[in-house]
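Peer 1: how would this look folded up:
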Amino acid sequence: MAWRAELLVAISLVACGKRASTDEQKKPLPAPAPRVLPPGPIAVPRARAPIPIDGEWEPAWNDVAARMIFHARDAVSTEARPYSEMRLLRDRDALLVGLYAADEEIHSNETFDVTIGALHFTVDATGAIAPPIAGAKSAIDLDGTRDQPGDYDEEWKLELSIPLSALGAGEQPIKASRCDTPKDGIERCGEWSGALAPL
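Peer 2: Below is the predicted model of the structure:
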């Protein structure tokens, strides 16, 4: 009888092992850690293939672009909520800017405020750049509906192409900021600032 008990224990152990390995396989893979930018001016990566300005983020925005996450305006060590970020690429003729906004209530007049050297502009949730920049292009992708209170939106993403001719030479300061008022009615602002290496 002892051998039967030992056999049952062995079968139970094998079954538990199989269950554990199956459960392990079902667990989602951890998200890749964000790339940490080196200190100092950002050397903007060059896109390996043309980036169409259509609001859809091609793989290069995730795989190659420099990525800057906004912090709360009053606490540099605290990530901004709602979440916002800026990503940067370049091609032969333009600086490519990706802007991401988590937003549960999208309004047309919500804006990102961007300064690059002496160039200052805003771009809103329709994709409009103000003041206009000669030769610049923009496109937006929405996950939600603009100006429709009562529903729950999720996010909007912008793609911008800014001609290098519109930017100054040499190292330049860069800053981007955004304020948003979620459904709780409390305005919150986030920003990021740094410097660009010569383009």
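Peer 1: And the lowest mean pLDDT element among the helices and strands of this protein?
Peer 2: Every helix and strand of the chain was ranked by mean pLDDT, DSSP states H and E. The lowest is helix 2-26, at a mean of 45.
Peer 1: Tell me which residues of the helix or strand following that helix come out buried.
Peer 2: Next helix or strand after helix 2-26 toward the C-terminus (DSSP states H and E): helix 59-63. For helix 59-63, burial by neighbour count (16 or more other Cβ atoms under 10 Å) applies to 60-61. C-beta: built from backbone N, CA, C; applies to glycine.
Peer 1: contacts for stretch 159-170?
Peer 2: For stretch 159-170, contacts defined as Cβ atoms under 8 Å, 6 or more residues apart in numbering pick out 51, 53-57, 90, 93-99, 116-119, 123, 129, 133-140, 198-199.
Peer 1: Which of those residues fall within strands?
Peer 2: 90, 94-99, 116, 119, 123, 129, 137-140 (DSSP state E).
Peer 1: between those residues, which is nearest E79?
Peer 2: Lowest distance from E79 to those (Cβ to Cβ) belongs to L99, with 16.1 Å.
Peer 1: And for G55, the neighbour number?
Peer 2: The number of residues packed near G55 is 16, by other Cβ atoms under 10 Å.
Peer 1: One more: I186?
Peer 2: Using other Cβ under 10 Å, I186 has 8 other residues around it.
Peer 1: measure it to T78 for me?
Peer 2: 15 Å (Cβ to Cβ, to the nearest Å).
Peer 1: For the protein, give me the ranges with low pLDDT.
Peer 2: Applying pLDDT under 70 to the chain flags residues 1-39.
Peer 1: one more time with 50, if that's ok
Peer 2: 1-5, 7-34 (pLDDT under 50).
Peer 1: Please check the contacts of stretch 159-170 and keep the buried ones.
Peer 2: Applying 16+ other Cβ under 10 Å to the contacts of stretch 159-170, the neighbour count classes 51, 53, 55, 57, 90, 94-99, 116-117, 119, 123, 129, 133, 136-138, 140, 199 as buried.
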